[in-house]
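> Let me see the structure of the following:
(one chain, ligands or ions: 1)
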Amino acid sequence: MTKFHLHMHPASEGDALMLSWGDAERPGHAMVDMGRSKDYVLLKPLLQDIGKLDLFVVSHIDADHIAGVVPLFEEKRLPFSTAHVWFNAHEQLSDANDRLAPSERVVLGVAQGEKVSAGIAATDWPWNAHAKSRVISIDSPEGAQPIPFDGGLTVRLLSPSDRKLAALLPAWNDALEKAHLRDIDDGEPEEEKGGGRVRLGGLNVDALASARFLPDSAKPNGTSIAFVAEYGGKRILLAADAHPDILERTLRGLGASEDSRYQIDCFKVSHHGSKANTSASLLSIIDCRCFAFSTDGSHHNHPDPEAIARILKVDPVRPKTLVFNFRQPSTLCWDNRALMDQWNYNCVFPEEGKNGIGIDLLHIDDLWGKS
Ligand SMILES: [Zn+2]
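Numbering: from 1, shown residues only. Sure, this is the predicted structure:
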């Protein structure tokens, strides 16, 4: 028996994703991010149980992805080890900057040590060892090919680029100073923040889908490590909080187009379903019917209805599934029979009393039967 499974653990408004693959008795494991510090408490027994990961990814420095990693490195004895860790710290940003053409380079700030970099450095975990340059970037030569892992998983890097990494350099110190590492996730244009999203009279998908698209310009999000993982003929796109332009550009580089869409079995939508990260043009070059959202809706009321409306509108006829790791106002509003009938989708939520939600990627079509 083999498996290919994603579990979206509860991670406040952030991500804590466990991907498992291979022999069901002894699967491989990749952990992507750890949510906020309180979320680490729930993850620790699981990580102890697993003992050794194949890959541990810290996608970028926003607190809703990295704050849970800080208490990990405060442990006297680490609860797990890993065959590989991927994290682009100041040194990697700086190296990416040095690779850019002189006219594109940004002026450097002063390097500052910080907790996660120091924590990784204190382990014997191979850090960014898949790239000779030690920079996890689509511009590292190794990033152009699928990266194989034990047990048959391959990983195709979609983000970040050297440019996106270098762009964060001037703000790196400021970003870290804001409460522990970086306390806010300001990927929304200022005027878009806050406000209740559940409208009286329901959601108008046509109107929401045609709202003007303003792309995310938050530099930390641009450094997100995003990738397609493939096993057993199935693919999942784990997009972290990546910018839509880099995802689209990399996928087009792999041959994706409106006429030849890139097939994905599950898309962990970027930036918790922010309307600034899922463009109609990105959706138009992928062929996917299962969309997963990781957020409790705090801070930004994610997922944004505009992002989900675009997802429904681009593929109105085929059955689609929306998977949420929290029941909260911005997700429950889609659990509406009339909307589901009109746009041919279903919603899957965590079962009562369960933490987070799992997706069986080898039998993804079975999700259609659940609601
Ligand atoms: Zn985030």
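> First-to-last residue distance for stretch 155-171?
Its first and final residues considered, stretch 155-171 spans 29 Å by Cα to Cα, to the nearest Å.
> same thing with stretch 154-169?
By Cα to Cα, the extent of stretch 154-169 from end to end equals 30 Å.
> repeat for stretch 161-172
Note: stretch 161-172 ends 17 Å apart using Cα to Cα.
> Also stretch 143-152?
Its first and final residues considered, stretch 143-152 spans 18 Å by Cα to Cα.
> What lies in contact with that stretch?
Counting contacts by Cβ atoms under 8 Å, 6 or more residues apart in numbering, the residues outside stretch 143-152 that touch it are 21-23, 27-28, 30, 54-55, 83, 130-131, 136-138, 154-157, 230-232. No exception for glycine: its C-beta is placed from N, CA and C like everyone else's.
> Repeat that for stretch 316-323.
Outside stretch 316-323, the residues that touch it by Cβ under 8 Å, 6+ apart are 8, 266, 289-293, 308, 311-312, 331, 334, 343-348, 357, 359, 367-368.
> Apply the buried test to these and list what passes.
By the neighbour-count criterion of 16 or more other Cβ atoms under 10 Å, those include these buried positions: 8, 266, 289-293, 308, 311-312, 331, 334, 343, 345-348, 357, 359, 367.
> Enumerate every residue touching whatever residue of the stretch 151-300 of the chain ends up closest to the ion.
Taking Cβ to the ion, the ion has its nearest neighbour within the stretch 151-300 of the chain at residue 241, 4.3 Å off. Residue 241 is in contact with 59-60, 62, 65, 185, 187, 216, 218, 220-221, 224, 270-272, 274, 277, counting by Cβ under 8 Å, 6+ apart.
> In helices only, show me those residues.
65, 220-221 (DSSP state H).
> State the distance spanning the first to the last residue of stretch 57-71.
Between the opening and closing residues of stretch 57-71 lies a distance of 16 Å (Cα to Cα).
> Quick one: low-confidence residue ranges for the stretch 101-250 of the chain.
With pLDDT under 70 as the threshold, the stretch 101-250 of the chain has low-confidence stretches at 108-113, 177-201.
> and if we set it to 80?
Along the stretch 101-250 of the chain, the parts satisfying pLDDT under 80 run over 107-114, 173-202.
> Which parts of the stretch 201-350 of the chain are helices?
Using DSSP state H, counting those that start in this stretch, the helices of the stretch 201-350 of the chain run over 205-209, 219-222, 244-253, 280-283, 305-314, 329-332, 337-343.
> Those into TSV, with extra columns for distance to the ion?
As requested, these are arranged in TSV below (distance: least, Cβ to the ion, whole Å):
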stretch	distance to the ion
helix 205-209	22
helix 219-222	7
helix 244-253	15
helix 280-283	18
helix 305-314	14
helix 329-332	15
helix 337-343	26
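> Flag every residue of the protein that's near the ion.
For the chain, the residues in contact with the ion (Cβ under 5 Å from the ion) are 14, 62, 64, 185, 241.
> returning to that earlier point: highest neighbour count among the ones in helices among the contacts of residue 241?
With neighbours defined as other Cβ atoms under 10 Å, the most crowded of these is residue 65; it has 31 neighbours.
> Excluding chain neighbours, what is closest to that one?
In space, and not counting its chain neighbours, residue 65 is closest to residue 33: 4.1 Å by Cβ to Cβ, 6 or more residues apart in numbering.
> So the one you found sits against residue 14, correct?
Yes. Residue 33 is within contact range of residue 14, at 6.6 Å (criterion: Cβ atoms under 8 Å).
> Between the two, which contacts overlap?
By Cβ under 8 Å, 6+ apart, the residues touching both residue 33 and residue 14 are 65, 68.
> hmm, back to that, what are the phi and psi angles of the residue nearest to residue 65?
Backbone geometry at residue 33, expressed as degrees, to the nearest 10, gives phi 70, psi 170.
> For the ion, see how far away the closest residue to residue 129 other than its chain neighbours is.
Spatial nearest neighbour of residue 129, excluding adjacent residues (Cβ to Cβ, 6+ apart): residue 84 at 6.1 Å. Computed as Cβ to the ion, to the nearest Å, the residue 84 to the ion distance reads 22 Å.
> Any idea how many residues pack against residue 319?
A count of nearby residues for residue 319, using other Cβ under 10 Å, gives 14.
> Phi first, then psi, for residue 82.
For residue 82, the backbone dihedrals (degrees, to the nearest 10) come out as phi -150, psi 150.
> Help me confirm that it comes into contact with residue 129.
No. In terms of Cβ under 8 Å, residue 82 does not count as a neighbour of residue 129; the distance is 11.0 Å.
> So which of the two has more stuff around it?
residue 82 (22 against 13).
> how close does that one get to residue 127?
With the distance defined as Cβ to Cβ, to the nearest Å, residue 82 ends up 10 Å from residue 127.
> do residue 7 as well
As defined by Cβ to Cβ, residue 7 lies at a distance of 25 Å from residue 127.
> Now do the contacts for the spatially closest residue to residue 213 that is not a sequence neighbour.
For residue 213, the nearest residue in space outside its immediate sequence neighbours is residue 279; the separation is 5.3 Å by Cβ to Cβ, 6+ apart. Contacts here follow Cβ under 8 Å, 6+ apart; on that basis residue 279 touches 213, 215, 244, 248, 310.
> Residue 290 now?
Neighbouring residues of residue 290 by Cβ under 8 Å, 6+ apart: 265-267, 320-321, 323, 359, 364, 367.
> Could you export those residues as TSV, including pLDDT?
Written out in TSV, the entries for those read as follows (pLDDT from 0 to 100):
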residue	pLDDT
265	98
266	98
267	98
320	97
321	97
323	98
359	97
364	93
367	86
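> Tell me the span between the first and last residue of stretch 141-148.
Using Cα to Cα, the two ends of stretch 141-148 sit 15 Å apart.
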